[in-house]
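A.B. asks: Give me a model of this one.
(4 chains, ligands or ions: 12)
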Amino acid sequence: MVDMSKRITDIGPPNYEQFLHPVIKKNYGQWKYHESLGPGLLCHTSESGDKIYSVRCASPRLLAIQSIRFFADLADKYCDGYLRFTSRNNVEFLTDKQDNIAPLKDELQKAGYPVGGTNNAISNIVHTQGWVHCHSAATDASGIVKCVMDALCDRFTSENLPAKLRISLACCLNMCGAVHCSDIAILGVHRKPPKVNQEQVPKVCEVPTLIASCPTGAIRPGTEGRVVDVVEEQCMYCGNCYTVCPAMPLNDPENDGISIWVGGKVSNARCAPKFSKLAIPFIPNEPPRWPKVVEAVVNIVEVYAKNAKKFERMGEWIERIGWPRFFELTGIEFTRYHIDDFKFAGTTYARSAQLRY
Amino acid sequence: MVDMSKRITDIGPPNYEQFLHPVIKKNYGQWKYHESLGPGLLCHTSESGDKIYSVRCASPRLLAIQSIRFFADLADKYCDGYLRFTSRNNVEFLTDKQDNIAPLKDELQKAGYPVGGTNNAISNIVHTQGWVHCHSAATDASGIVKCVMDALCDRFTSENLPAKLRISLACCLNMCGAVHCSDIAILGVHRKPPKVNQEQVPKVCEVPTLIASCPTGAIRPGTEGRVVDVVEEQCMYCGNCYTVCPAMPLNDPENDGISIWVGGKVSNARCAPKFSKLAIPFIPNEPPRWPKVVEAVVNIVEVYAKNAKKFERMGEWIERIGWPRFFELTGIEFTRYHIDDFKFAGTTYARSAQLRY
Amino acid sequence: MADNGNRKTELIDQLESGPWPSFVKEIKKAKETSPACDDLLGQLELSYNQKVGHWKHGGIVGVMGYGGGVIGRYSDVPEEFPAIAHFHTMRINMPSGWFYTSKSLRTLCDIWERHGSGLTNMHGSTGDIIFLGTKTAELEPTFAELTAAGFDLGGSGSCMRTPSACVGQARCEWASYDTMKICNEVTHEYQDELHRPPFPYKFKVKCSGCANDCVAAIARADLSIIGTWKDDIRQDDAAVAEYAAKGIDIQKDVCDLCPTKCMGWDGSKLTINNRECVHCMHCINVMPKALRPGKEKGAVFLLGAKAPILQGAQLSSVMVPFVPADEILETAKELISRVWDFWDEYGNNRERVGELIQRVGMANFLDAIGLDPIPEMISAPRDNPYIFFKEEEEE
Amino acid sequence: MADNGNRKTELIDQLESGPWPSFVKEIKKAKETSPACDDLLGQLELSYNQKVGHWKHGGIVGVMGYGGGVIGRYSDVPEEFPAIAHFHTMRINMPSGWFYTSKSLRTLCDIWERHGSGLTNMHGSTGDIIFLGTKTAELEPTFAELTAAGFDLGGSGSCMRTPSACVGQARCEWASYDTMKICNEVTHEYQDELHRPPFPYKFKVKCSGCANDCVAAIARADLSIIGTWKDDIRQDDAAVAEYAAKGIDIQKDVCDLCPTKCMGWDGSKLTINNRECVHCMHCINVMPKALRPGKEKGAVFLLGAKAPILQGAQLSSVMVPFVPADEILETAKELISRVWDFWDEYGNNRERVGELIQRVGMANFLDAIGLDPIPEMISAPRDNPYIFFKEEEEE
Ligand code: SRM
Ligand code: SRM
Ligand code: SRM
Ligand code: SRM
Ligand code: SF4
Ligand code: SF4
Ligand code: SF4
Ligand code: SF4
Ligand code: SF4
Ligand code: SF4
Ligand code: SF4
Ligand code: SF4
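C.D. replies: Residues are numbered from 1 along each chain as shown, chains lettered A, B, ... in the order given. Ligands and ions are numbered 1, 2, ... in the order given. Presented below is the predicted three-dimensional model:
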């Protein structure tokens, strides 16, 4: 039994200040400019003239404590013990000693952690749990990330793209990676309606909540002794019913798979943030190396790299050349699925006579 | 009685060819370029070297046969009997004799028909019936057009705006003028739900059709002896129920009036066509001279004229400067009504951090 | 100022002054030949006084065998204004491009003097000649005289409406197809559908010769046919230089405003990357002597424009990105027949084609009319993952 | 290649090769200290074989007094893989900006070695430290050790979720406010709402120091706080010249890409019409030594971002265009309390704030939270005439 009297709760996260490198603490809010010292290497200079160097390496995000300890050791050796993680799950080592950069980089690379991801590179793929931990997954997460980044690792360790390129992956429509604003999004999709477990439904779920959960109204009170019916033509496999009721599984080895989305962005630089748009509606799950997904992503990256102008993010490039040209250049087939039929569909029809031939 | 045996039907419109000036007939499809000879005056030159001159004058659209005969006389005198009307209801006299232009223009002006409307002018106001002929009107049409154009007549007879400026008017939400893509649209609006004539409804209307006609579902089967009820908070005064059922009048002298919309365009030149957006939600009806409407339109025109760049249509200008600046420059009040709450409302929220201060 | 006989019309008389031509003056002119106009003035004055219209709702009147072309109209104060107790309008199909001879106009005026108010709209918003106000008994005689003179009624109600066209090749150098001819032929082809309402709602066709869209087809026609070209813009360098000399700033006024920035100007030579041109017309508009549409002419077909009632206003959207000029009539007929078939069967009452497309989804609509989906039909692919996969696509 | 002991994991072993760090290697490393990892490998191999996941749906587990922070997870083939019959994750609130010392990381590792799989996510998508996989019985002891070490759980379920912040003023010259501090203070302020789910659904807060938005706040936080400035961009002409000399094409790379084209370059002097600047960051991004955000710093507050379930994905939209830097915390608290009050009362089950705003309409939402409508909140005014006029506005 836990001793409740000693129980500590609601203390919140530790204060970040204790984790800041002394140079950072001293120059907090006083940074003046930064320079790139090559892929994965940043130098920030303060008003005071102080400098802090950052060495960024890739991470599989799924890290064993053994690897974290390894990073901690490196931090001790080169960075007075200071390091951080980035919003895209890379590791950043922070030091005020420029001479430490080279050996640190070297050790990281030797240990299998490429250094890069800065500037006009492909940074780490933001991703989710997949078959490693989630019940909802229409595909794996870490495995696909591994395969795609194996193929694109050079784009992480170099900075020769027209602009930043952000790839994200989510293993179901819940989109925990919030992949909907990515240059390239890899999204797990189901393609079959839930298989209702009629016996389980009343035991584990509230039926009215279940019925209300379906955004298309596909779930109806059951007929002929069934608890609920799913009108199959009205289902678009979003999985929301499954989230609220475990007795509505959607998994289907042959029909689950992956869709690819392109042209989203988050930053407000130049243009407003954009949603990613459908490029490829479906690619079957092909573990362990997902060759078709890898090929599709690499193809899009390479066509973009070749055709976009300097500073043009994926979506900016596509808007400049127009979607028809995007499909032409990438060789991706345009299908009925590309045409929106959800709420705002009417706003996506081509309502102008401006056309390229 | 009509003699049915002789009755001619389904002959369609007369063939236009018989109405073409010989020079037009000869050079049909062979026009090479055109030049402006001043407001209201165009010269088109053919591959053959032939030229046709057009003299365009304003028209109130509502024309007595006496005026049409006057135009016919002028056409005989100067144009070998040939003339046409434009898609914005102006009259165009067509002649191959350049010398006829000046006297023709002179006679038109003297008779009270200003010559102009070409190039970067305000052309005639496309409009509808209003109190002259429609049962549906929330305001008059011809009267407002007259007042607004009286104030803007100089903008018709000169060509000194940054670009074309198209004003349209519709006297109710049916928008017979299709005013929804105009640089400035003047739109009659109701602001009270229909007053149901419970006795008449069953006599003159099909109740299910009536109930189905309401886009917001505000019409319900009646309670307490009423045939139908209107849920007042759900009504946005579109008048569709009245169109399908005369027993649902919306007219209301104190609450009917006018709204002003800006920034629409039809042409594909430079940018795609655009819808007009709400500028002023409501101005009361003030016959006979609608001073507030005139003032509002003139204000918008003048602010545009002063601030827009060459070739910038109203909507292009506003998009360049941003809507906040538009409201600031015109002094128009921004209200809750400007914020969309119809189907695509979500697409009109400012979903970016790009802001001017 | 106003000569308004005995009747007092103080308010509307104020609409006779000012530089813009006055509709009140027009109504007063028409009094010469029609007493109804006097009552019209009276009722209008009443409306101006009370700030409310005085017409009753609709009323089905027409000519024999036709389901449209006449809008029934009755005063709601007929005791006061008996001459406009009936005051129906007739919609008369205008000639393509609104071209007339003085003679044809006089013929129309004479008919209308004999049978109606003598008031017209030249023209209605759809394009018809509007004969504004007559009695039921006069409809058939007017119609007989009109047809004898070669004119026929236009559309109203749930029918094919009077198609219209820009001036096109008759007087415009930019028309990439013969808008007036197509408009005329389409109109004649569908006389039955125009006169006998067969549809869930109205159907409008408008023809513009280029992307300037001078009949606003894309904003208000269910089928919008807009001229364009496929090959390179024709370019006359000497004429470009002339415009530059005359003060056109080629870089700023032309190149910088090109939506795809596919034009270059080095101070003496204008270059166009025609593969990127979206045929917007801007550069041609600015320099009509120097630039001209290409020679491989045709049109874009778009579907679905309409005013707001019910589902909100829509602009037409691309269905066929390019139809060669000599195939336009045939394609129009084919497309129209497929669209009507589907709309007839699946369209709701008072549902325009554009609303039908949005309701069933464009992909389903394309299936129904037998067109393949192409990216030119959309401004961007979907951004939501709510895809209805079809059985046959699965493995 | 792979040292996988007795267990055959032929498929996932293929994920050990290649230049990118391998998560399979990580799981294998963790086997050293946790037998559960062996079963995890086994189950993953099964999933790779069958192309389907093998986790059961949820299950409510947690630590005492908390309603969130733990995700219950059970294998659906526990007979085969008993060590992961339970395999719950714990979400641990990371320090602002994801800064650590080697010591603090080792503390975390040690706790997790004692009580769990030894596998982590550094970090979860919301930002938490994820302890990936343990048994129910280990939850409370882990929690006790964590809190003793100064760490606490993050959010899950219908609560305030773990807020996150970009690196901000700790290492970025562009942060217009102290993102890490605000994030930390907001997190501490709402410990109760974070640990005891009180809402219709989740509520996320993210803080980015400038419009580059390095934590993607605008895409995935119900409340997105994005730094900006009000006065002029600070400009160092000598540094501009340096960039130009080094090969930046100021006209093309900077001025032409400015969204408002408010910059001019005459070959030697860069001018900015700051009144037209929309603070997009592009020019500053290109020339960090030459251009800097102004000194009147603050932030834009936006509301409503979320992933697609249910009503489609949304980006946050502007609520307060500018809050001075020193009023951010106070404003955040005030706005949050007003939003929560309304959402609590009117939000449907599983309805995010952004969906609520769309459902009731932004104008009504503004009324409810007591903000005045301003044009900065919209990209354009309505284009449809379907206006619900309010009683008081009528005469
Ligand atoms: C470390 C990190 C913040 C953190 O708190 O962890 C960060 C740090 C910096 N970002 Fe970022 N950004 C980081 C995630 C992001 C994200 C979020 C994301 O990717 O999920 C975005 C939005 C991406 C998007 O728009 O989809 C982001 C959009 C930017 C931009 C805008 C780029 C653009 O043109 O759209 C800049 C400016 C630039 O690069 O010119 C930028 C610039 C920078 C600078 C140069 C800021 C500075 O002066 O220090 C930093 C180094 C950038 C680099 O990698 O080259 N940072 N940056 C994040 C590193 C992630 C990683 O490991 O790769
Ligand atoms: C006569 C008419 C066609 C007809 O069949 O009746 C016509 C005729 C011409 N139009 Fe038009 N347009 C006519 C209605 C329109 C309309 C429709 C409307 O206003 O309802 C539009 C779309 C307006 C809109 O976008 O909202 C229209 C958009 C244009 C444009 C595009 C302007 C732009 O930059 O957006 C041009 C090109 C130009 O002016 O540079 C153009 C150019 C022309 C040219 C120069 C074409 C030519 O080479 O002959 C003609 C003389 C224009 C002038 O008035 O300066 N015409 N033009 C119509 C005259 C209406 C009137 O009496 O004022
Ligand atoms: C006469 C005319 C206005 C004018 O002054 O020019 C007109 C007048 C009427 N229109 Fe219209 N419409 C006229 C062109 C239009 C246009 C413009 C166009 O055709 O380019 C539109 C917008 C484009 C469109 O079709 O969407 C238009 C959209 C409507 C609507 C709404 C249709 C919709 O789908 O949103 C209605 C309502 C209805 O059909 O019940 C309507 C209904 C009416 C009715 C029949 C009133 C009614 O509720 O039944 C009006 C009869 C007035 C009268 O007493 O004469 N009228 N109507 C135009 C026809 C003249 C002609 O034949 O040339
Ligand atoms: C662990 C994590 C993914 C990861 O691998 O990093 C995650 C995992 C789950 N998310 Fe998530 N979400 C995670 C960040 C997100 C994000 C990203 C963010 O917070 O920035 C989003 C998108 C942003 C947003 O909130 O809209 C996200 C949107 C969802 C949704 C859809 C919410 C919506 O409104 O559309 C669900 C469905 C639900 O809430 O029922 C969801 C539900 C889930 C559940 C609880 C599954 C479920 O159906 O109940 C997942 C548990 C997996 C597991 O076994 O651990 N998760 N989830 C992330 C949390 C880690 C952390 O605390 O740091
Ligand atoms: S995206 Fe779906 S499957 Fe993946 S972790 Fe989130 S809820 Fe689970
Ligand atoms: S998967 Fe989505 S659309 Fe299909 S039944 Fe479930 S909730 Fe409805
Ligand atoms: S806009 Fe309305 S009121 Fe005016 S003519 Fe058309 S239907 Fe009648
Ligand atoms: S006016 Fe429109 S919204 Fe109001 S009740 Fe009638 S149909 Fe419904
Ligand atoms: S639409 Fe084009 S072709 Fe027709 S008149 Fe206008 S400019 Fe000429
Ligand atoms: S027509 Fe338009 S898109 Fe084509 S080159 Fe000219 S301006 Fe550019
Ligand atoms: S969001 Fe801005 S302030 Fe924060 S790290 Fe990114 S660039 Fe720096
Ligand atoms: S921050 Fe953006 S909008 Fe402002 S001047 Fe720089 S590029 Fe232009």
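
A.B. asks: quick one: contacts for A:Leu165?
C.D. replies: With contact taken as CB atoms under 8 Å, 6 or more residues apart in numbering or on different chains, A:Leu165 is in contact with A:Asn120, A:Ala121, A:Ile122, A:Ser123, A:Arg155, A:Asp183, A:Ile184, A:Val301, A:Tyr304, A:Arg313, A:Met314. For every residue, glycine as well, the C-beta is placed using N, CA and C.

A.B. asks: Mind checking which of those are buried?
C.D. replies: A:Asn120, A:Ala121, A:Ile122, A:Ser123, A:Arg155, A:Asp183, A:Ile184, A:Val301, A:Tyr304, A:Arg313, A:Met314 (16 or more other CB atoms under 10 Å in any protein chain shown).

A.B. asks: Of the contacts of A:Leu165, which is the nearest to A:Arg88?
C.D. replies: Among those, A:Ser123 lies closest to A:Arg88 (CB to CB), at 4.9 Å.

A.B. asks: Which pLDDT value goes with the closest one?
C.D. replies: pLDDT for A:Ser123: 98.

A.B. asks: how many other residues sit next to residue 294?
C.D. replies: Went with chain A since none was named. 19 (other CB atoms under 10 Å in any protein chain shown).

A.B. asks: Wait, chain C was what I had in mind.
C.D. replies: Neighbours of C:Gly294 using other CB under 10 Å come to 17.

A.B. asks: Next, format the contacts of A:Leu165 as a markdown table and append distance to D:Ala219 and secondary structure.
C.D. replies: Listed next are those as a markdown table, based on distance: CB to CB, whole Å; DSSP: H, G, I helix; E, B strand; the rest coil:
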| residue | distance to D:Ala219 | secondary structure |
| --- | --- | --- |
| A:Asn120 | 21 | coil |
| A:Ala121 | 20 | coil |
| A:Ile122 | 18 | strand |
| A:Ser123 | 16 | coil |
| A:Arg155 | 22 | helix |
| A:Asp183 | 13 | coil |
| A:Ile184 | 15 | strand |
| A:Val301 | 21 | helix |
| A:Tyr304 | 20 | helix |
| A:Arg313 | 14 | coil |
| A:Met314 | 15 | helix |
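
A.B. asks: and those residues as CSV, adding distance to ligand 10?
C.D. replies: Formatted as CSV, these follow (distance: CB to the nearest ligand atom, whole Å):
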residue, distance to ligand 10
A:Asn120, 29
A:Ala121, 34
A:Ile122, 33
A:Ser123, 36
A:Arg155, 33
A:Asp183, 27
A:Ile184, 29
A:Val301, 29
A:Tyr304, 23
A:Arg313, 23
A:Met314, 23
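
A.B. asks: quick one: is stretch A:14-25 near chain D?
C.D. replies: Yes - counting by CB under 8 Å from any CB of the partner chain, chain D is contacted by stretch A:14-25 at A:Pro14, A:Asn15, A:Tyr16, A:Gln18, A:Phe19, A:Leu20, A:Ile24.

A.B. asks: just the residues you listed now: which is nearest C:Ile84?
C.D. replies: Relative to C:Ile84, the closest of the residues of stretch A:14-25 next to chain D is A:Tyr16; by CB to CB it sits at 81.6 Å.

A.B. asks: My guess is that closest one contacts D:Met94. True?
C.D. replies: No - counting by CB atoms under 8 Å, D:Met94 is not a contact partner of A:Tyr16; they are 9.1 Å apart.

A.B. asks: Tell me how far C:Cys183 lies from B:Ser267.
C.D. replies: 19 Å (CB to CB, to the nearest Å).

A.B. asks: now C:Leu302
C.D. replies: 14 Å.

A.B. asks: Would you write a ChimeraX line that selects the buried entries of the residues of stretch A:14-25 next to chain D?
C.D. replies: To isolate the buried members of the residues of stretch A:14-25 next to chain D in ChimeraX, using 16+ other CB under 10 Å:
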select /A:14,16,19,20,24
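
A.B. asks: so can I have JSON lines of the residues of stretch A:14-25 next to chain D showing distance to ligand 6 and secondary structure?
C.D. replies: Below are the residues of stretch A:14-25 next to chain D laid out as JSON lines (distance: CB to the nearest ligand atom, whole Å; DSSP: H, G, I helix; E, B strand; the rest coil):
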{"residue": "A:Pro14", "distance to ligand 6": "40", "secondary structure": "coil"}
{"residue": "A:Asn15", "distance to ligand 6": "43", "secondary structure": "coil"}
{"residue": "A:Tyr16", "distance to ligand 6": "40", "secondary structure": "helix"}
{"residue": "A:Gln18", "distance to ligand 6": "46", "secondary structure": "helix"}
{"residue": "A:Phe19", "distance to ligand 6": "43", "secondary structure": "helix"}
{"residue": "A:Leu20", "distance to ligand 6": "46", "secondary structure": "coil"}
{"residue": "A:Ile24", "distance to ligand 6": "47", "secondary structure": "helix"}
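
A.B. asks: and which of the residues of stretch A:14-25 next to chain D is nearest D:Phe322?
C.D. replies: A:Tyr16 (26.0 Å).

A.B. asks: residues touching the closest one, list them.
C.D. replies: A:Tyr16 makes contact with D:Pro95, D:Ser96, D:Gly97, D:Phe99, D:Ala170, D:Met180, D:Asn184, according to CB under 8 Å, 6+ apart.

A.B. asks: tell me the contacts of the fifth one?
C.D. replies: Taking CB under 8 Å, 6+ apart as the criterion, D:Ala170 is in contact with A:Tyr16, A:Leu20, A:Ile24, A:Tyr28, D:Gly97, D:Phe99, D:Met180.

A.B. asks: Output these as TSV; include the columns distance to ligand 5 and pLDDT.
C.D. replies: Output for the contacts of D:Ala170, formatted as TSV (distance: CB to the nearest ligand atom, whole Å; pLDDT from 0 to 100):
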residue	distance to ligand 5	pLDDT
A:Tyr16	27	98
A:Leu20	32	98
A:Ile24	33	98
A:Tyr28	35	98
D:Gly97	24	98
D:Phe99	26	98
D:Met180	26	98
